[in-house]
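In: what shape does this take:
(chains A, B and C)
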Amino acid sequence: MRVDDLPLSPEYVEHFRAEGIEELYPPQAAAVEAGVCEGRDVVAAVPTASGKTLLAQLGLLTADGPGLYVCPLRALAREKYEEFDALPGVSVGISTGDFDSPAAELADHDVVVATSEKVDSAVRNGAAWVADLACVVVDEVHLLGAPGRGPTLEVTLATLRRRAPDVQVVALSATVDNPEHVAAWLDAELVESDWRPVDLRTGVYADAAVRFDDGTTADVDGFDPDDPADGGDTEATAALVREAVSSGGQALAFVRSRREAERLADRLREEGLADAAEIGPDAAAVAEEVRDAGGTELGERLAESAAWGVAFHHAGLRSQHRSVVENAFRDRRLAVICATPTLAAGVNVPARRVVVRDQQRYTGTGTEWLPALEVHQMCGRAGRPHLDPYGEAVLVGDADDRDELWERYVEGEPEAVESQLRDRDALRTHTLALVATGIANSQAGVLEALGGTFYASRTPNPDLGGIVGDVIGELIEMDMLAPDDGGIAATELGEQVSRQYVTPRTGERLVAGLRTAAAMDPADVTPLTALELVCATPDMHDTYLGERERAAMYQYAREHGSELTTGMGETDDFEGWLESLKTARVLAELVEGVPPEELVADYRIGPGDLESRVERTEWLLGAAGAVAAVLGIDLPALESTRASLQPDSTEAP
DNA sequence: GTTGTTCAACTTTAGACAGCATGTC
DNA sequence: CTAAAGTTGAACAAC
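Out: Sure, this is the predicted structure:
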């Protein structure tokens, strides 16, 4: 099937041809057969890089009305936004937490790209445009099975389908074990394929040789397993990377932790890989870009490394640094990225060879094998269309785990997608939201609304009644819901909590903290008071408290006790509270004017971690202000603290 | 006293969505 | 109370 054959206006056909697209890829053709262009619902379970974007565009461009593209990450949203924006005559909007088209304009765009939480939030805040949607594309639907975020996705989709019963849904999934279940839920045609535009061979390294799934075996150049220095997984990884690079390709190496990503990069840099890849001069420019994106010690190390064509990539990096690395690699100005698993789920960064050194991860209860889905996503980054003859993914192991790796990841099926909706916290949040938005006004109403979820479609007798009854009781206890006219209704507090997009537990904590603060001596209410209030909330992530820091934090807690809304004896999770106090302390120093570089060094936290905590704090302080207004509490420290966290007052221009 | 080496005990460990409301020289 | 790798620091040897 050719682009000319599609029911598209000539300008689009022209655009796609200009992009070099003539013939549709088989999965795309299958989706057209299934009716993406005629408004049919379609679930496509296909590998990354097999042309999902075009598939999404076919649905959106042929739909008779505005479209919505839902994706899980802000960086992905931006990437898609740019791709859609390149289409002739299509007006595109974007709506994510960090980057937002004006709300009034969203309704006027042909396509809006948004994160799933932002869509959920828009629904909760009564955005009218959702009811007019003709087509919704959901990228990475398999995240339905993600513990924290899956429920949001399924409830939001159920609500969207309720509000706009005729929307076309196009769902894009990674290869999973049960795509038919997702398709059955959406009553959609299933397109399933493992076709890829570039061949991928996956192999397992052990004992100085790689055994690939196409039956071939390969030695590793310049690698002597009998040399004691060449024995470990890291040495093998380095050799595999070096080999790919010296034959003119680029490589990605995945390791378990941030520190190891940096270490591996150091090690590879010492080998001077850039020369081999003939990207030397360009790499120097990348180093400059990294420096321009902000100077911390970590940033400087990244720049030095990038100058040699080798970068590292993890969430401790500021988002700007991350995107510099991603873009430079895509432009072939870097030879290697050593990364934690972040990179596997993120923006499109294909390489000739992918080396997965670590396949296990620490979980708090020992180390566990990574899900096959995750490893497949890493491996799927191998092979650049038009640039590489093939892609190669190599799992590094030793003789002992060779068979296990082979079974688990080369031959093994990816996991099934399973609903996480039964989770109490998730149900509490969504029950409140459903009532607050007026979708439901009784327990039966909530259950009925949840009837449209993936969970309900998978469970013959959805027995959510018990849990929903429980959480309604809790919400009434929290004064967020109240009995009303034989049913239930949201209180002013409940409505505000839902609109501010914080969890009920966070709302509860804010109420308690605000009441305490209101009763405190005003002279004791400082930025630290506001920050501790917000940091000791389930919606804020804690900061790791090192063994050596613990005593100092304890001391700090004692010294500043009068400013805090939590007494040291009051909490049943003292350790957890100390961790959140550390977060508050770091932010308090930032507010006082301590430069970020210093904080990063003093508290051993990544610049990216600091950045994300500042963002969350701004949001939560805003939410705290809204809750305070409901309670009739006036606490100027909330707003003033938030103001002094704003980028222009904390960062150099 | 200083520097170097070894080894055992201790420390650390991936990621990242979200609010709101607008005017001004 | 899991596991694997990195880091620290004590003990000791050589200078």
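In: phi, psi for residue A:338 please.
Out: For residue A:338, the backbone dihedrals are phi -100, psi 120 (criterion: degrees, to the nearest 10).
In: quick one: pLDDT of the most centrally placed residue in chain A?
Out: Taking Cα atoms, centre = their mean, the centroid of chain A lies closest to residue A:73, which sits 4.2 Å from it. Note on residue A:73: pLDDT of 95.
In: that one and residue A:343 touch, don't they?
Out: No. If you go by Cβ atoms under 8 Å, residue A:73 and residue A:343 don't touch, sitting 11.6 Å apart. Using the backbone N, CA and C atoms, a C-beta is placed for each residue, glycine as well.
In: quick check: closest non-adjacent residue to the residue nearest to the centre of chain A.
Out: Leaving aside its sequence neighbours, residue A:73 sits nearest to residue A:346 (Cβ to Cβ, 6 or more residues apart in numbering; 6.4 Å).
In: and the one you found, its phi and psi?
Out: Dihedral angles (degrees, to the nearest 10) for residue A:346: phi -90, psi -150.
In: dump the residue contacts of it.
Out: Contacts for residue A:346 were tallied using Cβ atoms under 8 Å, 6 or more residues apart in numbering; they are A:73, A:75-76, A:326.
In: let's have those in TSV, adding distance to DNA strand B.
Out: TSV is the format used below for those (distance: Cβ to the nearest atom of the strand, whole Å):
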residue	distance to DNA strand B
A:73	4
A:75	6
A:76	8
A:326	12
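In: which residues of the stretch 1-150 of chain A fall in helices?
Out: Assigned by DSSP state H, counting those that start in this stretch, the helices in the stretch 1-150 of chain A fall at A:10-18, A:26-34, A:52-62, A:74-85, A:103-106, A:116-124, A:150-163.
In: mean pLDDT lowest for which of these?
Out: Within the helices of the stretch 1-150 of chain A, confidence is poorest for helix A:103-106, with a mean of 78 (mean pLDDT).
In: pull the number of nearby residues for the residue in the stretch 301-450 of chain A that DNA strand C sits nearest to.
Out: At 2.8 Å from DNA strand C, residue A:366 is the closest residue in the stretch 301-450 of chain A, using Cβ to the nearest atom of the strand. Per other Cβ atoms under 10 Å, the neighbour tally for residue A:366 reads 7.
In: phi and psi next, for it.
Out: Dihedral angles (degrees, to the nearest 10) for residue A:366: phi 100, psi 180.
In: list the contacts of it.
Out: Applying Cβ under 8 Å, 6+ apart, no residues contact residue A:366.
In: where's residue A:565 relative to residue A:529, distance?
Out: For residue A:565, the distance to residue A:529 (Cβ to Cβ, to the nearest Å) stands at 6 Å.
In: which neighbours do those two share?
Out: Counting by Cβ under 8 Å, 6+ apart, the shared contacts of residue A:565 and residue A:529 are A:517, A:520.
In: closest point of the stretch 501-650 of chain A to DNA strand C, which residue?
Out: Closest approach between the stretch 501-650 of chain A and DNA strand C, counting by Cβ to the nearest atom of the strand: residue A:548, at 8.1 Å.
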